[in-house]
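**Q** output the structure for:
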Amino acid sequence: MKNIIILHGTGETENSFWIPYIKDNLEKKNYKISIPDLPNTNNPVLKKQLEKSLKEDFNEETILIGHSSGCPLILAILENIKVEIKLSILVAGYSQPLLGNKGNTYNIKDYYNWEKIKSTCKEFIFINGVNDPWGANDIQGRFMFDNLGGKLIINNEGHMGSDFYNQPYKKFPFLLKLID
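**A** Next up is the predicted model:
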């Protein structure tokens with residue numbers, strides 16, 4: 001079954017930024033879309049979000065898409081599932097503390113088992129902006145790419161969705177092109 005699980009970032013919901021655009025367009029292509037309502041969205045704690053996310057359906061056709069703090073959650077999910085999924089796309093993702101933002105350390109791990117993560121996902125795509133105001137920038141993307149391989153896409157699009165920095169980012173056609 002072609003299914004996509006979209007994991008939103010801090011302070012976000014299923015209606016934030018480009019998520020409805022992606023959902024609507026992919027449902028037209030007969031994908032089953034799941035967007036879990038992650039707990040503690042304003043102050044994400046990885047352990048609690050992981051518990052909820054692991055209840056999703058994972059199979060060899062699954063695609064994971066994460067935005068911002070949804071990306072370290074993807075890495076933790078991949079460490080815990082038993083099946084190899086098709087693709088993970090990490091948008092404005094990170095796996096290390098963000099510079100100048102001590103508040104994000106509860107949603108990342110001190111250590112990731114990169115080999116285990118690689119063994120449960122066939123392909124990785126990282127999309128990071130050199131000018132990400134939150135610090136989920138090209139350096140963060142490069143770190144994950146260096147550990148997992150895949151494709152690293154660097155742009156000049158900031159965080160690709162941020163209310164605080166007035167980046168509405170309501171459409172994301174490039175992301176659609178990466179799927180299928």
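
**Q** on the three-state scheme, the residue minimising distance to the centre of the chain is what?
**A** For the chain, G66 is the residue whose C-alpha lies nearest the centre (Cα atoms, centre = their mean; 1.7 Å). Following DSSP: H, G, I helix; E, B strand; the rest coil, G66 is assigned to strand.

**Q** ditto for P72
**A** What three-state DSSP gives for P72 is helix.

**Q** check contacts around it.
**A** Contact partners of P72, counting by Cβ atoms under 8 Å, 6 or more residues apart in numbering, are L46, G93, Y94, S95, N107, I108, K109. (C-beta placed from N, C-alpha, C; glycine too.)

**Q** so Q49 sits right up against K55, yeah?
**A** No: counting by Cβ atoms under 8 Å, Q49 stays clear of K55, with 11.3 Å between them.

**Q** tell me which of those two has more neighbours.
**A** For the pair Q49 and K55, the greater number of neighbours falls to Q49 (24 against 8), based on other Cβ atoms under 10 Å.

**Q** so which strand or helix has that one?
**A** Assigned by DSSP states H and E, Q49 belongs to helix 46-53.

**Q** same check, this time on L75
**A** Assigned by DSSP H and E, L75 belongs to helix 70-80.

**Q** then that helix to PDB, C-alphas only?
**A** Output of helix 70-80 as PDB, limited to C-alpha atoms (Å, rounded to 0.1, in the frame of the first residue of the first chain):
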ATOM      1  CA  GLY A  70       9.500  16.100  12.700                       C
ATOM      2  CA  CYS A  71      12.900  15.100  11.200                       C
ATOM      3  CA  PRO A  72      14.600  14.000  14.400                       C
ATOM      4  CA  LEU A  73      11.400  12.000  15.000                       C
ATOM      5  CA  ILE A  74      11.800  10.300  11.600                       C
ATOM      6  CA  LEU A  75      15.300   9.300  12.600                       C
ATOM      7  CA  ALA A  76      14.100   7.800  15.900                       C
ATOM      8  CA  ILE A  77      11.200   6.000  14.100                       C
ATOM      9  CA  LEU A  78      13.700   4.400  11.700                       C
ATOM     10  CA  GLU A  79      15.700   3.200  14.700                       C
ATOM     11  CA  ASN A  80      12.700   1.400  16.000                       C
END
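
**Q** angle of that helix against helix 46-53?
**A** Relative orientation of helix 70-80 and helix 46-53, computed by axes from the mean of the first three to the mean of the last three Cα atoms, to 10 degrees: 70 degrees.
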